[in-house]
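[1] Got a sequence here, can you model it:
(2 chains)
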Amino acid sequence: MAQGKLQAPFAPGGSTEIDAALAKRLLELALSAGGDYADLFFEYRAGADYVYEDERVKAVGRGITLGLGVRVTKGDATGYAYCEELTWEAMAEAARTAAQIAQSGQSHAPVDIRALTIPSFYPVGVPTLETLAPAKLELLRRGDRAARAYDPRIVKVSCSFAEELKEILIVTSDGKLARDRQPLMRYGVHAIAEDKGKRQGGSGGGGGRFGMEYFDAHPPEAHGKEAARVAVAMLDAVDAPAGSMEVVLGAGDSGILLHEAIGHGLEADFNRKQTSNYSGQLGKRVASELCTVVDDGTITHDRGAINVDDEGNPGRKNVLIENGILRAYMQDQLSCKHFGVEPSGNGRRQSFRHNPLPRMTNTALLAGPHDPEEIIKSVKRGVYAKRFSGGQVNISNGDFVFSLTESYLIEDGKVTAPLKGVNLIGNGPDVLTKVTMLGNDFQLSDGIWTCGKDGQSVPVGVGTPTVKIAAITVGGTKA
Amino acid sequence: MSTYAVEDLKRIAERACKLAKQHGADAAEALVQGGAELSTKIRLGEPELVQEAASRALGLRVFRERRAALTYTSDLSDAALDRFVAESVELAKLAEPDELNELPPRDQLATSLPDLELWDDAALSVDAKGALERCKKGEAAARAFSPKVTNSEGATYSRVVGASAFASSDGFCGGYRGTYQSLVVEPICDDADGKKRNGFWWTADRFLSRLQDPEEVGREAARRTVAKLGAEKIATGEMPVVFDPESGRALLRALFSVISGGAIYRKSSYLLDREGTSVASPLVTIVDDPLIPRGPGSRPYDGDGLASRKNVVVDAGTLKTYLFDVYSARKLGRQSNGCAGRGVGGAPHVTTSNFILQKGATRAEAIVGGVARGLYVTEMMGFGFNAVTGDFSRGAGGFLIENGKLGRPVSEITIGANFNDLWHGIDAVGDDLDLRSSTACPTFRVSKMMVAGR
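    Next up, the predicted model:
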């Protein structure tokens, strides 16, 4: 954990280097009980975090995990095992355990393994984790000072910086070998404002697969000010309305609605199992024709970008919905086989302890024709949603909710009073048919989102232009 | 060596503390956890997943001149541990001194550890084949329950056996081990208009013999799912809302988040300066009790090494105490009441053990019976709680209550209220408490909430 260049022990020249020949022997063991397919996922993750609270660096943390996950599939069934030591005995034991999913049949031999050439969507000179700590501590101080200086009503500020460097090696029984090095960092400020007995909180932050150069374009002062701005603005928040009404979603962070409302339903595992309400809808109209939705793992430096997915397929840009027509699902290895399609680069997993699933990367609703000001002007009475804390969807019926942390009333085409925290609830297939205006101001959200599915978390990105939805239920407390 | 042999883990934890002192730390604490998991899933009668693995990890906190570093590793070999500890002590130099950074007073540390019956030898008698068999029975019972069950997300059996050891350079060294297993069945029905309805039911316990039969779990899962067919929005309006024990638990979790010492010193709570005042209806009594034998959240000592104790948090509506770990208590000039949790990857923080809304005198059916028109909530979605102001708004689903009876299913609505009003508005607490989960409540009713729908 010393400063300096980090390297996985399984990398070329590492202390327990894994080469194609060794991987092939492990794959042979994994397939020895008759499995159709096997893969090895080696992972080395070094992480660090810094917490700044009450104007001091409260704690510094560091940690390293290392392991191998072995997966064997037979038909639609998966056997999975992992180990944390890269000794032959431990790795062979994991391979034999995973192999047991198949208990009969011919044993297949892995084909010859060739190293893939993969793209490079996040070239980073020096990962933040290999940068000396004092520079990072100074970023925390700067964010804290900016938040405090914003307004005398700011009474508490905390800042955090979390970073990791993940090195992976994937080897598959159909012959792929891919290595990747994935840097990831996230910076955040939380501020609390207090005035006349009222208190409110606000957050700002961002990040992605960057080195320290991230802060050239996004100085910590901007995040500190943003946290303080939200906290102070919300001091005057009034009770939000309840009921169905017009809602305008601000550009950028609103992509989280897209992620929940439609993204999850387009993950191929649910469609393979016919448990999504998008099952059997390929080629059909599922959204307003204004809507083109892509999942794009190739957006440079974005939080959800991947050079290679966790099954050894290069990251790609996939058009999911084109002018309202459903074009494709996001695939993993099992579902590709089921649908007879090419990999889409969406097979992802939280760590070597988890089997891969179809997951989103960076999901975006592309820009439309309208001027964002025109969109606001067109609303008689509704809600303007600016910042969100997260959302959730029920895949089966498409119902989703998402939580607004900064929103405003729209009255007669003007943004007016700030609203207390409130939820929007809707139905994915329904809400995308109600997109009546789409802004020309597409924005990516500054990388803060983490997506959870089946107990596995992966970093993702989202983006949208300003969006007008003709009717959606706003869960306020005022009739 | 077994990954969950307590004595082995204790030796490693003690060794790490000793090494930390040798490398120049003023004090150190080490947590070592080891465990093995088995998880199997059946879908439509066929195996979908068998996962088996064991793992171990160590988390270390060192103090040096009142500067703190928190580190973790899964490499517990002798040579690696020495290097890891040395680097951890070095890392502490980066932090800034905090006068509160010291070990808990020795006289507060747990001295004898109660046997809370957390381990069941029988848990290990289920192998992958046996686990798949249980899944198969559960899912088959759900699919046989009604022709309306048309699909399945499957049935999953999971078992965790694990051990934990905690040592400090002040001489504390404790450890314990536990078992826990669960079965969940998730059927799916096709509704009109191409919508699908999913539901689930589950059983879980530390003791294998106390699990519900797989068939019963499957049938209950199917009953709950079929009941959702035809769910729709209702008109926006204020009405009484009844929470069943599954959905009500989330309100208790949210309440915990505003009574933890961490939230109080960060001013992230609407319950700041409210100890000794009324925070809920007189029908509400909430305890945090780590000493319940066989309890899912039971523990013989807390994450700071302090003796476990039962805390009455809310007594007949009055907030008796916030929950503290050592750090948050010091920050607020108080004494810890033994509520620290700790994982290998982070700092100690305030947690609950078994956090329970005590049962009341009203039969659960009578709670619905007393409502002319209202909402019975069985599930909630999303994250709509502002801890600082207490504003609460979440997605919900359940059933309309009409003339004291459960009526048509309801979905795609939100329920909202300020938390202070919500907890004060509780006008009935049921007698149907069960302790399957570490946060638990019986059925209860809130006299009035805003329901947003059509």
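
[2] quick one, helices of the stretch 351-454 of chain B?
    Along the stretch 351-454 of chain B, counting by DSSP state H, counting those that start in this stretch, helices occupy B:364-369, B:419-424.

[3] can you give me the mean pLDDT across the first one?
    What that stands for is helix B:364-369. Mean pLDDT, computed over helix B:364-369, is 94.

[4] tell me what it is packed against?
    strand B:405-418 (3 or more C-beta pairs under 8 Å, 6 or more residues apart in numbering or on different chains; DSSP states H and E). Using the backbone N, CA and C atoms, a C-beta is placed for each residue, glycine as well.

[5] For chain A, what's the nearest residue on the stretch 201-350 of chain B?
    residue B:236 (4.1 Å; C-beta to the nearest C-beta).

[6] Where does the closest residue to chain B within the stretch 251-400 of chain A sit: helix, strand or coil?
    Closest contact between the stretch 251-400 of chain A and chain B, by C-beta to the nearest C-beta, is at residue A:396 (3.9 Å). On the three-state scheme (DSSP: H, G, I helix; E, B strand; the rest coil), residue A:396 is labelled coil.

[7] Flag every residue of the stretch 151-300 of chain A that's near chain B.
    A:155-156, A:158, A:192, A:194, A:198-201, A:237, A:240, A:242-244, A:273-277 (C-beta under 8 Å from any C-beta of the partner chain).

[8] Mind checking which of these are buried?
    Among these, those that count as buried by neighbour count (16 or more other C-beta atoms under 10 Å in any protein chain shown) are A:156, A:158, A:192, A:194, A:199-201, A:237, A:240, A:242-244, A:273, A:275-277.

[9] so where do the strands sit in the stretch 301-450 of chain B?
    For the stretch 301-450 of chain B, applying DSSP state E, counting those that start in this stretch gives strands covering B:311-315, B:318-319, B:340-341, B:349-350, B:355-357, B:373-381, B:391-402, B:405-418, B:426-429, B:439-440, B:444-452.

[10] Note down every partner strand of the third one and its orientation.
    In this case it means strand B:340-341. strand B:349-350 (antiparallel) (DSSP bridges).

[11] thinking again about what came up before, can you put the helices of the stretch 351-454 of chain B in TSV and add mean neighbour count?
    Output for those, formatted as TSV (neighbours: other C-beta atoms under 10 Å in any protein chain shown):
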stretch	mean neighbour count
helix B:364-369	19
helix B:419-424	20
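
[12] Residue A:172: which of the ones you listed is closest?
    helix B:419-424 (50.6 Å; C-beta to C-beta).

[13] which intervals of the stretch 351-479 of chain A have sub-threshold pLDDT?
    Applying pLDDT under 70 to the stretch 351-479 of chain A flags residues A:479.

[14] Looking at the stretch 351-479 of chain A, what residue ends up closest to chain B?
    Closest residue of the stretch 351-479 of chain A to chain B, C-beta to the nearest C-beta: residue A:475 (2.6 Å).

[15] Identify the bridge partners of that residue.
    Under the criterion used (DSSP bridges), residue A:475 bridges to residue A:242.

[16] How many residues are close by it?
    Other residues within reach of residue A:475, judged by other C-beta atoms under 10 Å in any protein chain shown, total 32.

[17] you'd agree it is up against residue A:243?
    No - taking contacts as C-beta atoms under 8 Å, residue A:475 lies outside contact range of residue A:243: 9.1 Å.

[18] what touches both of these two?
    Here residue A:475 and residue A:243 have residue B:452 as joint contacts, going by C-beta atoms under 8 Å, 6 or more residues apart in numbering or on different chains.

[19] Just the element for the closest residue to residue B:347 other than its chain neighbours, please.
    Take residue B:347 and drop its neighbours on the chain: the residue closest to it by C-beta to C-beta, 6 or more residues apart in numbering or on different chains is residue B:70, 5.4 Å away. Using DSSP states H and E, residue B:70 sits within strand B:67-73.

[20] Pull the residues that contact that strand.
    Contacts to strand B:67-73, defined as C-beta under 8 Å, 6+ apart, come from residues A:1, A:58-64, B:57-62, B:80-81, B:84, B:87-89, B:91-98, B:101, B:344-347.

[21] Can you tell me which of these are buried?
    Using 16+ other C-beta under 10 Å, the buried ones in the contacts of strand B:67-73 are A:1, A:58-64, B:57-62, B:81, B:84, B:87-89, B:91-92, B:94-96, B:98, B:101, B:344-347.

[22] Might you list the low-confidence residue ranges for chain B?
    B:1-3.

[23] Residue B:422: what's it in contact with?
    By C-beta under 8 Å, 6+ apart, residue B:422 lies in contact with B:251, B:392, B:446, B:449.
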